[in-house]
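A.B. asks: Please work out how this folds:
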Amino acid sequence: MVSILALWLPILLSAVAVFIVSSIIHMFLQWHKGEYPKLANEDQVIDALRPVNLKPGDYMVPRAASMEDMKSEAFAEKMKKGPVIIMTVLPNGAPSMSGNLIQWFLYSLLIGVFAAYVAGRALTGDATYLQVFRFVGVTAFLGYSAALWQMSIWYKRSWTTTIMATIDGFIYALVTAGVFGWLWP
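C.D. replies: As a prediction, this is how the structure comes out:
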C-alpha cells in the first residue's frame, strides 16, 4: 500500500501534463471546433429570446410541473408541436477563460487524487510501470469520461460530441497513467 501523500508529485505533474495536452487539443488541433454548429437563423433566435431575459442556468422547454402535468394533453401537444429544448444559458458578455481554466486544473488534480488513492490501495511501492499504468489509467479514464455518456443517453447530447470528449478523456488517462508509472515511488 502506498499513501496518497507519497504520490503528491505524480498527482501534481499529471494535472500539469493533462492541462498542457488539453490546451494543445483545444487550441492548436481544434478538433472540437465543429461540435456546436451555428443556427441558420441565429439573429432571429437571439432577438426572440432577448426580451425573455433568461438568467444563466439550465432550462428544459417544455417543462412539466409534475408527473400528472406530463400526462396531460396540453403537455403532449407542446411536446409534439415543439421545439423541445434542453439548453444552458451563459452570462452575457465576453467569456473569461481564467475561471474555467482554474477549475479544469483543480478537476485534473482531483482525478489524480482518486487515481492515487485507487492505485495506492491496490499496489505496493515496488509495483511495475505497467501495473501502475493499468490501475491509474482505468481510474483516470472513468473520472474523465464515464459520466459524459449519460448526457447523450438522457439529454440527447450529440453522440459525436460525447465520443470526441471520451477520446479526450482516454488521452488524458494515458497521460495521467504515464506520469504515475514514471514517478511511482
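A.B. asks: so Gln172 sits in a helix?
C.D. replies: Check again: residue 172 is Tyr, not Gln. Yes: looking at Tyr172 with DSSP: H, G, I helix; E, B strand; the rest coil, it is inside a helix.
A.B. asks: separation between it and Val118?
C.D. replies: Here Tyr172 is placed at a distance of 16 Å from Val118 (C-beta to C-beta, to the nearest Å). (Each C-beta comes from the backbone N, C-alpha and C, glycine too.)
A.B. asks: repeat for Thr162
C.D. replies: From Thr162 to Val118 the distance is 24 Å (C-beta to C-beta).
A.B. asks: between Tyr172 and Val118, who's got more neighbours?
C.D. replies: Higher neighbour count among Tyr172 and Val118: Tyr172, with 25 against 17, using other C-beta atoms under 10 Å.
A.B. asks: got a list of what the more buried one touches?
C.D. replies: Val18, Val21, Ser22, Ser108, Ile111, Ala140, Tyr144 (C-beta atoms under 8 Å, 6 or more residues apart in numbering).
A.B. asks: residues near the third one, how many?
C.D. replies: For Ser22, the neighbour count with other C-beta under 10 Å is 19.
A.B. asks: is it true that it touches Tyr107?
C.D. replies: No: the criterion here is C-beta atoms under 8 Å, and Ser22 misses it with Tyr107 at 10.4 Å.
A.B. asks: Okay, domains of the chain per the record?
C.D. replies: The record's domain parsing of the chain by automatic domain parsing lists 5-36+95-183, 57-90.
A.B. asks: measure the residue of the chain positioned farthest from its centre to Met79 for me?
C.D. replies: In terms of distance from the mean C-alpha position of the chain, Glu73 ranks first, at 36.7 Å (C-alpha atoms, centre = their mean). For Glu73, the distance to Met79 equals 11 Å [C-beta to C-beta].
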